[in-house]
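# only geometry, no sequence info:
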């Protein structure tokens, strides 16, 4: 990366982050407050195959049946959201959409203006019961 590109991206060109020539008035890394820690940091997230296996075991169903149900569930939620309808699952939460307004963006390579159209983004709001159960599990023994 050239010195010019590094300067545009806010990266130090020489001397490091604390150097007076490269800090550009920003706080040094030592003074930035730490992010909230992820309780599951360092662990791999559960994948679909593992989810299907555990649900099948818990429900006493075949993995193929659970896989079909999970596929139908995700397709139904996706279709409902695409049609502008929220999906509320008591005890879990609400799937919905949020409209992101149209804006003018920039091509990071050329700096040219780009019109970014309005679009709907999926959202999920966890329900109170779900939040409480996750909170209790996170506070329990490690």
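Sure, I can see it. This one's a predicted model, so the numbers in the text were calculated from it and none came from an experiment.
# from here on, contacts and neighbour counts on C-alpha atoms
Fine.
# Sketch out the low-pLDDT regions of this structure for me.
1-42, 140-142 (pLDDT under 70).
# Start from the N-terminal end of it and give the helices.
3-8, 48-59, 63-82, 128-139 (DSSP state H).
# Nearest to residue 117, out of the ones you listed?
Among the helices of the chain, the nearest to residue 117 by C-alpha to C-alpha is helix 63-82 (16.5 Å).
# May I see the helices of the chain arranged in TSV, with mean neighbour count as well?
TSV is the format used below for the helices of the chain (neighbours: other C-alpha atoms under 10 Å):
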stretch	mean neighbour count
helix 3-8	12
helix 48-59	14
helix 63-82	14
helix 128-139	12
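# Tabulate the ones you listed (a markdown table), appending distance to residue 114.
Below are the helices of the chain laid out as a markdown table (distance: least, C-alpha to C-alpha, whole Å):
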| stretch | distance to residue 114 |
| --- | --- |
| helix 3-8 | 19 |
| helix 48-59 | 37 |
| helix 63-82 | 25 |
| helix 128-139 | 39 |
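# quick one, which of those is nearest to residue 98?
Nearest to residue 98, of the helices of the chain and by C-alpha to C-alpha, is helix 63-82 at 10.1 Å.
# Out of the helices of the chain, which gets nearest to residue 120?
Short answer: helix 63-82, nearest of these by C-alpha to C-alpha, at 8.5 Å.
# And for the closest one, what's in contact with it?
52, 53, 55, 56, 86, 87, 95, 96, 97, 122 (C-alpha atoms under 8 Å, 6 or more residues apart in numbering).
# hmm, 10 Å instead?
If you take C-alpha atoms under 10 Å, 6 or more residues apart in numbering as the criterion, helix 63-82 is touched by 48-49, 51-57, 59-60, 83-88, 95-97, 120-123.
# before we move on, back to that, for residue 110, which of the helices of the chain is the nearest?
helix 3-8 (12.0 Å).
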